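> 3D model of this:
(chains A and B)
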Amino acid sequence: MTERESESHPIIQANSIDKIYRTASDSVHALRGVSLEVQKGEIVAVMGPSGCGKTTLLNCLSGLDGIDTGDVQINGQSLSELTDDELSEYRARSMGFVFQTFNLLPVLSAQENVELPLLVAGVSSKKASTTALEKLDQVGLVKWAHHKPAALSGGQRQRVAVARALANEPAIVWADEPTGNLDSENEQEIMDLITQLNRDNAQTFVLVTHSDDVASTARRIVRMRDGEIIADEQHTSTAG
Amino acid sequence: MNELFGVIPMKPLALGMALTLLVVLVAITASALRNRVFLKLALRNIPRRPAQTALIVVGLMLSTMIIAASLGVGDTITNSIRSFVVVDGLGHTDEVVRSPTLAFLGDDYLDQSDLELVQAATDGDDRIDGVMALITERLPITSPRSGRTEARADIRGFDVNAAGWFGELKSTDGATVTLRELAPGEIYVNVDTAKNLDAVAGDDVIIVTPTGRHDFVVRAVLERGGLASTDPRVLMGLPEMQRIMDRAGQFNRVDISNRGGVLDGLDLSDDVTDDLRLKFLRPDIADQLFDVLKGDEIADAIDHRLETAEISGGLADDLGELAGELRKPDRSDRFAVLMADDGVAVAVMAGLEEAGFQQQAGQALPLVLELPVLRVTDIKAFLVEIAELVGTIFTLFFMVFGSFSIIVGLLLIFLVFVMLAGAREQEMGMARAIGTKRGHLVRLFTFEGSAYALLAGLAGTLMGIAAAFLLVTIMNSIFAEEGSAFSVRPSISTASIVVAFCAGVLLTLATVAVSAYRVSKLTIVTAIRGLPEEFVRPRTLPLSRRLADGGWALVTPARLVYEEMMARGWGDRRTINRVGLYATAIFVIGAPIWLWWIVRPLFEFLPIVPVHRVARRGPIRLDKWGEPRKVWKLIVLIGFFWAVWIWRIVNSLWQLVAPYNRFGIPALVVGLLMAIWGINIVQAAPWTIGASLFLIGVGQAVGWSLRRSGRLRARASQVSYTISAGLVLIFWSLPFDALNWLTGELDSNFEMFILSGVFMVGSAVFIVMNNAETLSTIFERGLGSFGSMKPVIRTSIAYPLAAKFRTGLTIAMFSLVIFTLIVFAILNSIGSVLEEEPDRVTGGYDIRGTTSRDLPITDVDAAIAASPEISASDFEVISRTGQIRGEARQNDAEEIAFKPIVIRGLDDEYLQTSVIEFTHWDHAFGATDAEIWDALRNDPSLAVMNGQVITPPGGFAGPQADQFKVEGITTENEEDIESITVQIRAPGGRGEVVERKIIAYMDNLANVLDSSGEEFSDGNAVATVLSAAPLLQDVAGIPVPFTIYQFRLTDPARADEIAGKLETVFLDNSMEADSAQFLIKQNQEQGDAFNLLFQGFMGLGLLVGVASLGVISFRAVVERRQSIGMMRAIGYKGWMIQAGFLMESTVIALLGIAIGIGLGSMISYNIVQEIGKDIEGLKFHVPWMNMLGIVGIAWAFAMITTYWPARQASRIYPSEALRYE
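A predicted model of the protein is given here:
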């Protein structure tokens, strides 16, 4: 896909997706015919009460989870056409993830954690090391590069997670409750960081949150209830 | 098996252990009922994850399995030998009566008056149901039809009237036959004889006796068992046998059958033997003997011999009893009976000489020889004891070397619980936060652990029995010769099952308790937040408080009473109840102390703590099993308080010194004291443990000084631990005699092998795990250029090196097993020196032939010249040797007792042609081996001895009390030594004492094949003296025929063929001949087969190591679910996750394998150097193929075990994993 084509298409396009979780005795309809388009460079916040399907939507859109019906296209590429390995490769090159529980590998230092997606994408060790330090510098943690996650505070851990998510300069960053475990001061720092990176690099951010403060930094808020999008509103944020 | 390791009686042990387990389980159950919430929590954890529970049970059962397997092998061997030797070999014969002429070259035939004496003694005795006179001789038999011969068949003539009492005879066609049916000139042969002769019923055969050749017809071929026995046997009537032996009216044995069946008769054997001995001795001689020996002095000397000669079993009981009899004023019948026992008499005579009672020894000796009129041997009981001994040796061997696997199994149990604790750390942290005490957590884990332990004990015992039976079946197929009567009969006694189960469960429970205690020490904050423990410094109580606690500990009983009183006051009913409970506990908890009393002899066997010596010299004499009964009640009474008291004192002492541990003071002081103690009691184990502790202390002291000086402050601990472990590793890697200048020669045994393995592996693993970061960098740099594997390599190194404790444990497990396997593989390859330099073993001869002393060759050259089969030109040299048993002692030596030896007289040919080498010789008699042999030829007053009489200056071979050893020369001496003089005499002090000057000592390889085809092999006499032929007659007093012929051939390639022909030519002399190459090969093959079997057993240990990798991997998949999800999210492909897990196992397995190989090779090198002192030319040789095999199998197993969890991990769906909590 050329640059021109990609500009003419939304970067994320979901058409009537359904997701049903089945157990032996029960089934839960997590997503019901959800359709959504996200343009390149947007910050989209997905909000809604607990259990409304926010995380499921994010997982389905990013290819972490499969869907039962419908179609998800990223940059015009239908995810359902990709094998598991191709999906992994796609994530390695084009996506970054930030989660509520940070999910840093505890046995690796901050720098090594940030290097990991670069190494997975086939970048040389030397380049990975330089890039990781640059990214840590961007999040203000270059001094903590050699510390393991256990030695960092919650805010610091999340900043390392953000640095890791951005290491490959992905087109899309998916963030599931990125500030859920942080206090308001750290929350603000992380959101400032995200908006600044979005401004500088024109990366697309999809945030799942139930924090109004976090949502307020997004340009667009998608509201969900019971597996359906009930509102999709443009928001005049302080950012960008 | 009746005794574990030959010292601990199995039944009381089983009872004691069962009782102890019962007490422990009752205590746990009582505690569980009082803490039902924790019981519920514990039990609910078990079915939560069935797969994990199954894995835990498998992990826990492996130690039990190895114990059960060792005991099962021992029982099976004991039972198989017993069945073979006793049931099939002896049949109904329980005791045998022979001439008192101990078969030392004299005529040992009895006549009618002797038989009448036996009949008079047994008539009307309802314990005896059969008495039968017989002649038994080893003679050649040949079949003219098939041309085949059996050089030493057991030819027996039975009193046909009495034979009916000794069981039925069955022919191979199923018919019952009797000896009465035999007509003159007819015999029965058993299936073994028939097979060797290729004979069938109706065949003519020839039996050769000293009187000539005798023709017989085979009436029938008999099945094995009873009178038809298990080795090649020929049966006939007594008159026929008397005729062919020219022994009219004579016989050489009377067999006695006790009432009851084949095995029931055993119960009466002791009584019957004692009574018969009493009836068959001369009371007047017994009186005279008592007058010579009575009194405390000689009784004490016997006691002393009991200690120093390390005598055990029945003989020890008898000697102890005899010492008691000697202290009595009057001679008892018991004294006479005991002295009529050959074993007791020999031990007493040796004791007298050793203690310097030369005069009494001189007086007693002729009396001892005259005492019995007839010699009674409880042959069945004796053979049963031998069967027990062999079973015990196997059990001991498997258990000692299996102890590595048992240790590894216990580490696995520990690991399993560490990981379980890891999994529940957060919930336990929460539980602690809301007020749960440490003790509650210990209980929670102990309850859960007990359930696992019982399940695992049961499964392990069953699996162990199965493994034992499998092993012995394999062993049977390796050792069993075609058509051999011996077959393995799998069996295991109830006592063994109980011991294995209880030992397994108790060991598991102990390990569970230790790990539970470790778990309970968790810090709440770190547990809840998932932080590493090093974030928290341990709390130290102030010195005053620690001192006060120490003071309280010194008066523990007073404190217990005080606490009770302060809590509720004396009058309170609950206080009275509690005191009653204490009283009950004193008795109930007495069980473990009783167990300790049972286990005490183990320490006698493993000379770590020579308790028995202290006990014997102490105020309470504990040297007889019977006597402690008088004091055990007292011991039990004080046991409880004693145990609690000591525990409190030790604990408070530890608390007192623990803060100073970082200065290294406790380790330095305790280590030094223990090392000095070890040197003082001449024991290597306490010395090496003490020295290791001391070196650990040195490392800690260095760490403290680094911290203090500010240098390397950040890495002080790492440096300190590395130095400690490094010093310990260097210490254990030193050659065994490196520090002899400091310690002198120390006694050691198998325990040193175990200790060296544990210390070396422990310290090496400690070094590796302490420097994990450095290693990790090296690994990464080394493997960094593998493209897409880079991230996989990074995490698969980082994960195991981050979990240092569990990785260290697993590496240690792997290393220990590989260590043992490598040591065995290397030591196994030593034997190749026999193949490389055969002349050192064979003396340059190609065939070795032995003949019967009763059928000597009169003129070997003439016989060969007359033979159409072979010609004189086939032979370059024919040498002849005669041999007898004897005793010897060194002139002017510290040891004054005569010790058993083998005496060899060599003919001129041998002395001229032997190329056997000498390791030490007196250069005054010659400069080369040939000159020494020449000196012997020219001067019959000179002699040489075998190399085994020279003691190595330390290492594995400790002093052996019953062996003849030369004093003043060690294997470390230069070649040139001073000659010594030895006194030599016939066994039992008969005949004249002859002196010979020993001018040289042979290469140790020289008598490797000595036992092959020997007419006798005396297990006790490994010492051999060799001189010109006149020595034999000088000692024996009568001419001694040559019985060993060694042939050097003009064409050595024909050795096997000519050996076969020699057997035919010298059939009348009962010659058995084999080529030297065949004997070497046979020797090597048996060794190889055993080592292979043993490696198989050790493979069980490998199973444990591999299981631990499986446990770790399964656990890792659960623990790292979210991380795996995250890795998948950032682009890891499924195969990368799988490869990562496999690589982690590879890292652990390879580290373990590398450490095991390195250390195993190092200690093997030291062992080879040590053995090399005895066997010149021994080379350290690495069996690469065998080693590669071990590495390959270990690694492959590691991969197989990890494959399943790795595959599971790779299939985790990222969104599911990330959702998981």
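> what about B:Tyr721, how many neighbours?
20 (other C-beta atoms under 10 Å in any protein chain shown). C-betas here are computed from N, CA, C, even on glycine.
> touching, it and B:Gly699? I think so.
Yes. In this structure, B:Tyr721 is within contact of B:Gly699 by C-beta atoms under 8 Å, at 6.7 Å.
> report the backbone C-alpha coordinates of the helix or strand harbouring B:Thr881 in PDB.
Assessed by DSSP states H and E, B:Thr881 sits inside strand B:875-890. Extracted in PDB, the C-alpha atoms of strand B:875-890 (Å, rounded to 0.1, in the frame of the first residue of the first chain):
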ATOM      1  CA  PHE B 875      55.100 -74.800  24.600                       C
ATOM      2  CA  GLU B 876      58.000 -72.400  25.300                       C
ATOM      3  CA  VAL B 877      57.700 -72.500  29.100                       C
ATOM      4  CA  ILE B 878      55.700 -74.500  31.600                       C
ATOM      5  CA  SER B 879      55.800 -73.100  35.100                       C
ATOM      6  CA  ARG B 880      54.400 -74.600  38.200                       C
ATOM      7  CA  THR B 881      53.100 -73.100  41.500                       C
ATOM      8  CA  GLY B 882      51.800 -74.600  44.600                       C
ATOM      9  CA  GLN B 883      49.700 -72.800  47.200                       C
ATOM     10  CA  ILE B 884      48.400 -73.100  50.700                       C
ATOM     11  CA  ARG B 885      46.700 -70.900  53.200                       C
ATOM     12  CA  GLY B 886      48.700 -69.600  56.100                       C
ATOM     13  CA  GLU B 887      49.300 -66.700  58.500                       C
ATOM     14  CA  ALA B 888      52.000 -64.100  58.800                       C
ATOM     15  CA  ARG B 889      53.300 -61.300  60.800                       C
ATOM     16  CA  GLN B 890      56.100 -58.900  60.400                       C
END
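> that one pairs with which strands?
strand B:899-906 (antiparallel), strand B:980-985 (antiparallel), strand B:1044-1049 (antiparallel) (DSSP bridges).
> how far away from the center of its chain is it?
32 Å (C-alpha atoms, centre = their mean, to the nearest Å).
> likewise for stretch B:340-359?
28 Å.
> three-state assignment of B:Ala893?
coil (DSSP: H, G, I helix; E, B strand; the rest coil).
> would you list the phi and psi of residue 231?
The chain I'm using is chain A. phi -160, psi 150 (degrees, to the nearest 10).
> number of nearby residues for it?
11.
> pretty sure it contacts A:Arg220?
No. Using C-beta under 8 Å, A:Ala231 is not in contact with A:Arg220; the gap is 10.6 Å.
> overlap in contacts, those two.
Here A:Ala231 and A:Arg220 have no joint contacts, going by C-beta atoms under 8 Å, 6 or more residues apart in numbering or on different chains.
> just name the most buried of the strands paired with strand B:875-890.
strand B:899-906 (a mean of 25; mean count of other C-beta atoms under 10 Å in any protein chain shown).
> what about it, average pLDDT?
Strand B:899-906 shows a mean pLDDT of 88 in the predicted model.
> now what about it, what contacts it?
B:350, B:879-889, B:914, B:936, B:962-965, B:984, B:987, B:1018, B:1020-1021, B:1023-1033, B:1035, B:1040, B:1042.
> tell me which residues touch B:Ala1217, please.
Applying C-beta under 8 Å, 6+ apart, the residues near B:Ala1217 are B:Arg1121, B:Gln1122, B:Ile1124, B:Gly1125, B:Met1126, B:Arg1128.
> between these, which is nearest chain A?
B:Met1126 (3.9 Å; C-beta to the nearest C-beta).
> which ones are touching the nearest residue to the closest one once chain neighbours are set aside?
In space, and not counting its chain neighbours, B:Met1126 is closest to A:Asn103: 3.9 Å by C-beta to C-beta, 6 or more residues apart in numbering or on different chains. A:Asn103 makes contacts with A:Ala161, B:Gln1122, B:Ser1123, B:Gly1125, B:Met1126, B:Leu1218, as judged by C-beta under 8 Å, 6+ apart.
> can you count the residues close to the third one?
Applying the criterion other C-beta under 10 Å, we find 21 residues in the vicinity of B:Ser1123.
> what's the local residue count around the nearest residue to B:Ser515 once chain neighbours are set aside?
Among residues not flanking B:Ser515 along the chain, B:Phe417 sits closest, at 3.7 Å (C-beta to C-beta, 6+ apart). Applying other C-beta under 10 Å, we find 26 residues neighbouring B:Phe417.
> B:Phe417 and chain A, how far apart?
22 Å (C-beta to the nearest C-beta, to the nearest Å).
> residues touching B:Val1025, list them.
B:886, B:888, B:901-904, B:943-945, B:982, B:984, B:996, B:998, B:1031.
> with respect to chain A, which of these is nearest?
B:Met945 (64.8 Å).
> just confirm that closest one contacts B:Asn1004, I think it does.
No. In this structure B:Met945 lies outside contact range of B:Asn1004 using C-beta under 8 Å: 11.5 Å.
> so between these two, which is more surrounded?
B:Met945 (25 against 21).
> excluding covalently adjacent residues, which one is nearest to whatever residue of chain B ends up closest to chain A?
Residue nearest to chain A within chain B: B:Gly1131 (2.4 Å; C-beta to the nearest C-beta). Excluding the flanking residues, the one nearest B:Gly1131 by C-beta to C-beta, 6+ apart is A:Ala92, at 2.4 Å.
> doesn't the one you found lie inside a helix?
Yes. Assessed by three-state DSSP, A:Ala92 belongs to a helix.
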